[in-house]
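Asks: sequence first, then the predicted structure, then my questions.
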There are 2 protein chains.
Amino acid sequence: MSAGRPTIIDVARDAGVSPATAGRVLGGYGTPAPELVRRVRDSARRLGYRANDVARSIVTGLTRVIGVVVSDIENPFFARAVSGISDRARAAGYEMLLVSTGLDLARERSAVEALMAKRVDGMIVASASVSEGAHLRRVREAGVPLVLLDRRNDGAGAVDAVLLDNRAAAHRAVNHLLDKGHRAVAVVTSAVADERPTGRRRKALAQFPSSLRFAGYLDALEEAGIAGAPEWVLRCDDADAAAERVRDLLTARPDVTAIFATTNVMAGAAFRAIMDSDRRCPEDVSLLGFDDHEWSTLVRPQLSVVAQPAYDLGAAAGTVLLGRLSGRESASAPSETILQSSLIVRGSVAPPPA
Amino acid sequence: MSAGRPTIIDVARDAGVSPATAGRVLGGYGTPAPELVRRVRDSARRLGYRANDVARSIVTGLTRVIGVVVSDIENPFFARAVSGISDRARAAGYEMLLVSTGLDLARERSAVEALMAKRVDGMIVASASVSEGAHLRRVREAGVPLVLLDRRNDGAGAVDAVLLDNRAAAHRAVNHLLDKGHRAVAVVTSAVADERPTGRRRKALAQFPSSLRFAGYLDALEEAGIAGAPEWVLRCDDADAAAERVRDLLTARPDVTAIFATTNVMAGAAFRAIMDSDRRCPEDVSLLGFDDHEWSTLVRPQLSVVAQPAYDLGAAAGTVLLGRLSGRESASAPSETILQSSLIVRGSVAPPPA
DNA sequence: GTGAAAGCGCTAACAG
DNA sequence: CTGTTAGCGCTTTCAC
């Protein structure tokens, strides 16, 4: 040893046993005699020995590490989901290699590649794409368990997924607006387009959560026999764009009495735009957002929202992955878990002005 | 190979070269001939070879992974800091093993131990304690570079740290209140006590950010020759407790005209309490918070705050750690980096009522 | 129950 | 420039 940290050989020598026996007590396998256990433990403590997981991993082929890739760890939604994953992982003795890709698909690809090279035992990914999935399919092909988080992916092949009821939740949310008497309901949603296939395809195509929510909005309008109008649909790249477009809508279309925002970011922007306008909320215009946050109850009026169980989503993904890793259900068919969102009624929705 | 993933040996055999040469082209070291590079690359692609970092790590002694431990990844402050660390790490080719401890010191200890066993090349930790640091000292003793984030630690020994100007920032913030004419300024702060030593000690003791901010509050009062009152100091365990205590204060002490909140959580609670009371903000009572967030500009009045550069804090910690890892400055003395916060004046602070 | 020996997949000398 | 030979620190047969 001398230079580096002490190895199992140093401990064995110090305790007067073979490396094999030292390994048995330090590694917690086999059945060493109590007396030797004591001696080896003593030596280990005295020398300041600490196990080397990388050496262990190379022989066992297991790292006890899972890889997690999300688009933005600063987004409270993903922060909560990651928290759920993390809790599950630690409870099972796994550590978490986390990468935040900033919605950049190229970065996601290289991250997935890096995690494969690091030999993670499994992976949970919320991809930046719903159609490009060659990198995800390769994960499966390498025999590494994969769980898709919050969005499906057409190119990944048959794989476990843990999702939210985006379309149904949005449908219910817009129904709530309709029930209050609104007829002209605008929607402010993300401009991230689902990549459309050029040829026609029979199979259902994966979509981003915000697209599914938009579809749910359309479902509700159709069900109510409302034609809708192109001006009601505000597709925005970011919060600033959303705020501006809502501002414009508010002056250009006074007939619109309610706004449905499909993401927390869009909800904030819409709220800001209404505050800056001369319309009052909810007297003149109602607002219904997505995702519940601390500020939902800090603003006046308090914001009505569709609350998503982000922590549970992550925890469920962790559970599914850990199940695969335990080997128990490694053979069973891919599962799809869908969690329910709930509508939280507060003060930002009221009947339209008479 | 047959069963498992192909190894460098399989590739070498397929390409008709030695494992050493295959390693040279696949590992990117040495100087293999262009012709062989082509052949090896071809074979690697055909066989679906992917490097095994754990085998590489065991021989090089380097994992290209850094460990990061924070108390709560769901806290926007830490989420931003982690984002800063993550960006720096990835730019330098490192992955990040993240653990969120929930402010539980025992969990932090075992996490640090696990990261050591995983042989991370370096560690960044925002400890749940400012006095207990035996586990951190052990990291140093093992020769693993360590950077303290957001708080010092008395037990860790001399070590790099990246901090915020908590005390000075709070001092300036309260001065802002005083400048507006306030004399009775309450403070709502975290109840997390810095562990006090039993015996007397000469050396400066590390303190939590909220404690330092409280000290800055005291500095400002003293400088202004204001005696202060015990009733002005609200130490609270959590947001609910804070909201209740602020509510009580508002009715019991109408002479208090301004409130300084030392954390984002406390600021939210205080804001909520004021909204629920019959006092108006800022006409009757002013509020100054810590940490800037999206909702600061969504509420009415908009919240004046001390904004902390959380992302930069993380990025700076990453830079310091990476510097140590590059070997360049591995010998130099521990550094202490202190980042400046800034006061953002918005609508929640006004002169006291006449 | 214990030890000797053989690897895990790769890199690092060292010869050629 | 390329191949041979040792390991890295550990677990895992396999005899004893």
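Replies: In hand now; what should we look at? Computed from a predicted model, the values in this text were never measured in an experiment.

Asks: wait, a helix at A:Val68?
Replies: No - under DSSP: H, G, I helix; E, B strand; the rest coil, A:Val68 sits outside any helix and is assigned strand.

Asks: and it, what does it touch?
Replies: Going by C-beta atoms under 8 Å, 6 or more residues apart in numbering or on different chains, A:Val68 touches A:Val82, A:Ile85, A:Met96, A:Leu97, A:Leu98, A:Val99, A:Met123, A:Ile124, A:Val125. The C-beta positions use only the backbone N, C-alpha and C, and glycine is treated the same way.

Asks: reformat those residues as a markdown table; add secondary structure and neighbour count.
Replies: A markdown table is the format used below for the contacts of A:Val68 (DSSP: H, G, I helix; E, B strand; the rest coil; neighbours: other C-beta atoms under 10 Å in any protein chain shown):
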| residue | secondary structure | neighbour count |
| --- | --- | --- |
| A:Val82 | helix | 31 |
| A:Ile85 | helix | 29 |
| A:Met96 | strand | 22 |
| A:Leu97 | strand | 23 |
| A:Leu98 | strand | 27 |
| A:Val99 | strand | 23 |
| A:Met123 | strand | 24 |
| A:Ile124 | strand | 29 |
| A:Val125 | strand | 30 |
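
Asks: quick check, nearest of these to B:Arg300?
Replies: A:Val82 (32.4 Å; C-beta to C-beta).

Asks: need the residues of the stretch 1-150 of chain A near DNA strand D, please.
Replies: Counting by C-beta under 7 Å from any atom of the strand, the stretch 1-150 of chain A comes close to DNA strand D at A:4-5, A:7-9, A:19-20, A:23-24, A:26-27, A:29-30, A:51-52, A:55-56, A:58-60.

Asks: how does it look with 6 Å?
Replies: A:4, A:7-8, A:19-20, A:23, A:26-27, A:29, A:51-52, A:55-56, A:58-60 (C-beta under 6 Å from any atom of the strand).

Asks: buried subset of the residues you listed?
Replies: A:Thr7, A:Ile8, A:Gly23, A:Leu26, A:Ala51, A:Asn52, A:Arg56, A:Ile58 (16 or more other C-beta atoms under 10 Å in any protein chain shown).

Asks: quick check: the fifth one is in a helix.
Replies: No - membership of A:Ala51 in a helix is not supported by three-state DSSP, which gives coil.

Asks: so what's the residue in the stretch 251-354 of chain A that chain B sits nearest to closest to, chain neighbours aside?
Replies: Relative to chain B, the nearest point of the stretch 251-354 of chain A is A:Trp295 (3.1 Å; C-beta to the nearest C-beta). Among residues not flanking A:Trp295 along the chain, B:Trp295 sits closest, at 3.1 Å (C-beta to C-beta, 6 or more residues apart in numbering or on different chains).

Asks: identify the residues contacting that neighbour.
Replies: A:Gly268, A:His293, A:Glu294, A:Trp295, A:Leu298, A:Val299, B:Gly268, B:Leu303.

Asks: if I look at it, how far off is DNA strand C?
Replies: 49 Å (C-beta to the nearest atom of the strand, to the nearest Å).

Asks: checking that residue next. Helix, strand or coil?
Replies: Following three-state DSSP, B:Trp295 is assigned to helix.

Asks: model confidence score at it, please.
Replies: As predicted, B:Trp295 sits at a pLDDT of 92.

Asks: and if you look at the one 4 residues further on?
Replies: What the model reports for B:Val299 is a pLDDT of 95.

Asks: what sits against it?
Replies: Per C-beta under 8 Å, 6+ apart, neighbours of B:Val299: A:Trp295, A:Leu298, A:Val299, A:Arg300, B:Phe271.

Asks: how about the helices in the stretch 51-200 of chain A?
Replies: For the stretch 51-200 of chain A, helices defined by DSSP state H, counting those that start in this stretch occupy the ranges A:53-60, A:76-91, A:105-117, A:134-141, A:166-179.

Asks: redo these as CSV? Include mean pLDDT.
Replies: Formatted as CSV, the helices of the stretch 51-200 of chain A follow (pLDDT from 0 to 100):
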stretch, mean pLDDT
helix A:53-60, 97
helix A:76-91, 97
helix A:105-117, 97
helix A:134-141, 96
helix A:166-179, 98
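
Asks: winner for burial among those helices?
Replies: Mean neighbours per residue, mean count of other C-beta atoms under 10 Å in any protein chain shown, is largest over the helices of the stretch 51-200 of chain A for helix A:76-91, with a mean of 23.

Asks: got the CA positions of it in CSV?
Replies: In CSV, the C-alpha atoms belonging to helix A:76-91 read as follows (Å, rounded to 0.1, in the frame of the first residue of the first chain):
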residue,chain,number,x,y,z
PRO,A,76,-39.9,22.7,-10.1
PHE,A,77,-41.7,19.9,-11.9
PHE,A,78,-38.6,17.9,-12.6
ALA,A,79,-37.0,18.9,-9.3
ARG,A,80,-39.9,17.2,-7.6
ALA,A,81,-39.8,14.2,-9.8
VAL,A,82,-36.1,13.8,-9.3
SER,A,83,-36.7,14.0,-5.6
GLY,A,84,-39.1,11.1,-5.9
ILE,A,85,-36.7,9.1,-7.9
SER,A,86,-33.9,9.9,-5.5
ASP,A,87,-35.8,8.8,-2.4
ARG,A,88,-36.7,5.5,-4.0
ALA,A,89,-33.2,4.9,-5.2
ARG,A,90,-31.5,5.6,-1.9
ALA,A,91,-34.0,3.4,-0.1
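
Asks: packing partners of that helix?
Replies: Applying 3 or more C-beta pairs under 8 Å, 6 or more residues apart in numbering or on different chains; DSSP states H and E, one finds that helix A:76-91 contacts strand A:65-70, strand A:95-100, helix A:310-325, helix B:76-91, strand B:95-100.

Asks: and the angle for that helix with strand B:95-100?
Replies: Interaxial angle, helix A:76-91 versus strand B:95-100 (axes from the mean of the first three to the mean of the last three C-alpha atoms, to 10 degrees): 90 degrees.

Asks: output the helices and strands packed on helix A:76-91 as CSV; include the columns distance to B:Pro254.
Replies: CSV is the format used below for the helices and strands packed on helix A:76-91 (distance: least, C-beta to C-beta, whole Å):
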stretch, distance to B:Pro254
strand A:65-70, 48
strand A:95-100, 48
helix A:310-325, 41
helix B:76-91, 33
strand B:95-100, 42
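
Asks: picking up where we left off before, which member of the residues of the stretch 1-150 of chain A next to DNA strand D is positioned nearest B:Arg213?
Replies: The closest of those, once distances to B:Arg213 are taken by C-beta to C-beta, is A:Ala51, at 40.8 Å.

Asks: please report how far the closest residue to the closest one other than its chain neighbours lies from A:Ala15.
Replies: Counting by C-beta to C-beta, 6+ apart, A:Ala51 lies nearest to B:Ala117, which is 5.1 Å off, once chain neighbours are set aside. Distance of B:Ala117 to A:Ala15, given as C-beta to C-beta, to the nearest Å: 20 Å.

Asks: any weak-confidence spans in the stretch 101-250 of chain A?
Replies: A:193-204 (pLDDT under 70).

Asks: which residues of it lie near chain B?
Replies: Residues of the stretch 101-250 of chain A lying near chain B by C-beta under 8 Å from any C-beta of the partner chain: A:Arg107, A:Ala111, A:Glu113, A:Ala114, A:Leu115, A:Met116, A:Ala117, A:Lys118, A:Arg119, A:Glu141, A:Ala142, A:Gly143.

Asks: how about the last one, nearest residue that isn't a chain neighbour?
Replies: When you say that, I think you mean A:Gly143. Spatial nearest neighbour of A:Gly143, excluding adjacent residues (C-beta to C-beta, 6+ apart): B:Arg5 at 7.8 Å.

Asks: repeat for the second one
Replies: Once flanking residues are discounted, A:Ala111 sits nearest to A:Val99: 4.4 Å by C-beta to C-beta, 6+ apart.

Asks: quick check: the gap between that neighbour and A:Gly133.
Replies: Counting by C-beta to C-beta, the gap from A:Val99 to A:Gly133 is 17 Å.
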